[in-house]
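In: Here you go, sequence then predicted model.
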Amino acid sequence: MKTIFLLFSFLSLFLFSCSSDDNSGSDPQNPQSKKLIETINLNGILIKYKFNNKLTVQSLDIGVTGSFLFNYSENRISSIEYADDVWEFLYDANGKIKSFTKGIEVVDVTYNAAENSYSYEKEEGKKTTLILTENLDVKKYSILHTQTEELLKYEYFYDNSKNGVLTNSNNIAVYLVMVTDYYDIGLYASKKPAQTFSSNAIPFSFENTYDEDGFVTKSIINGTNTIYYAYNQ
């Protein structure tokens with residue numbers, strides 16, 4: 001797991017390195033387009049996707065550290081594998097996540113239908129809440145330290161009129177956030193492209209370029225860092 005955390009820390013550093021210097025949605029425009037993301041290029045760091053024949057995510061490879069492998073049961077993610085780590089997910093009768101495990105570690109998850117959110121405690125006194133959009137993209141990720149009342153909050157604001165990298169596939173961000181704790185995963189694993197990302201009230205704007213089908217092909221963050229997206233057609 002240390003490798004994962006170091007990698008996501010590096011990606012976060014790349015995406016938001018300019019912060020100290022810079023003070024459910026509508027249907028896709030072209031529902032017939034079956035584009036699937038192949039690579040996301042962050043200044044030479046490649047995020048690579050592979051899909052199975054049901055168009056769900058089979059693997060997510062980040063850099064040279066290895067791949068997250070996704071397993072399914074009843075069209076839902078049943079487990080995620082990374083190197084020697086395996087996380088398994090259990091669902092309630094309504095198909096909502098009720099817990100996830102790694103080995104003998106069990107984390108209970110509570111779903112709130114009113115705000116379409118999940119909450120859980122991986123560590124005592126540290127409550128995490130994930131609020132989702134209608135598309136099940138991550139809308140808000142917050143951590144409350146219950147003893148000190150310190151609140152860390154990260155928010156996504158999407159362009160619901162355009163297509164993100166997983167428009168034609170399934171949502172994986174909520175699962176990856178749960179197991180890795182990294183709040184920025186949704187920036188490159190969402191059905192709708194991000195327009196603004198807020199990290200503890202510090203905004204990061206995305207100047208997006210789209211193709212003729214409304215799929216995001218390039219994002220410039222705060223006028224400096226650039227992300228490129230390549231699809232299979």
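Out: Everything's here; your move. Keep in mind the model is a prediction, meaning the values are calculated, not measured.
In: Now tell me which helix or strand of the chain has the poorest mean pLDDT.
Out: Every helix and strand of the chain was ranked by mean pLDDT, DSSP states H and E. The lowest is helix 2-15, at a mean of 47.
In: Not counting its neighbours along the chain, what's nearest residue 157?
Out: residue 196 (4.2 Å; CB to CB, 6 or more residues apart in numbering). Where you see a C-beta, it was placed from the backbone N, CA and C, and this is true even at glycine.
In: Any stretches of the protein with poor pLDDT?
Out: Flagging of the chain using pLDDT under 70 yields the residue ranges 1-32, 64-65, 233.
In: count of residues packed around the residue nearest to residue 157?
Out: Residue 196 has 13 neighbouring residues, counting by other CB atoms under 10 Å.
In: Look up how far residue 151 lies from it.
Out: 20 Å (CB to CB, to the nearest Å).
In: cool, and residue 157?
Out: For residue 157, the distance to residue 151 (CB to CB) stands at 19 Å.
In: So the two - more neighbours on which side?
Out: residue 157 (16 against 12).
In: give me phi/psi at that one?
Out: phi -130, psi 120 (degrees, to the nearest 10).
In: Contacts only, for it.
Out: Residues in contact with residue 157 (CB atoms under 8 Å, 6 or more residues apart in numbering) are 194, 195, 196, 197, 198.
In: now for the helix or strand harbouring residue 229, which elements pack on it?
Out: Element membership for residue 229, per DSSP states H and E: strand 225-231. Here strand 225-231 touches helix 2-15, strand 37-42, strand 216-221, going by 3 or more CB pairs under 8 Å, 6 or more residues apart in numbering; DSSP states H and E.
In: 10 Å instead, please
Out: Packing partners of strand 225-231 (3 or more CB pairs under 10 Å, 6 or more residues apart in numbering; DSSP states H and E): helix 2-15, strand 37-42, strand 45-51, strand 202-210, strand 216-221.
In: can you give me the helices for the chain?
Out: Taking DSSP state H as the criterion, the chain carries its helices at 2-15, 173-180.
In: Run through the bridge partners of residue 210.
Out: Beta bridges link residue 210 to residue 216 when assigned by DSSP bridges.
In: wait, doesn't it sit right on residue 163?
Out: Yes - using CB atoms under 10 Å, residue 210 makes contact with residue 163 at a distance of 7.7 Å.
In: Which of those two has more residues huddled nearby?
Out: Set residue 210 next to residue 163 and count neighbours by other CB under 10 Å: residue 163 wins out with 24 against 17.
In: I'd like to know how far the closest residue in space to residue 34 that isn't next to it in sequence sits from residue 106.
Out: Nearest-residue entry for residue 34: residue 168, 5.5 Å, with adjacent residues in sequence omitted and distances by CB to CB, 6+ apart. According to CB to CB, residue 168 and residue 106 sit 33 Å apart.
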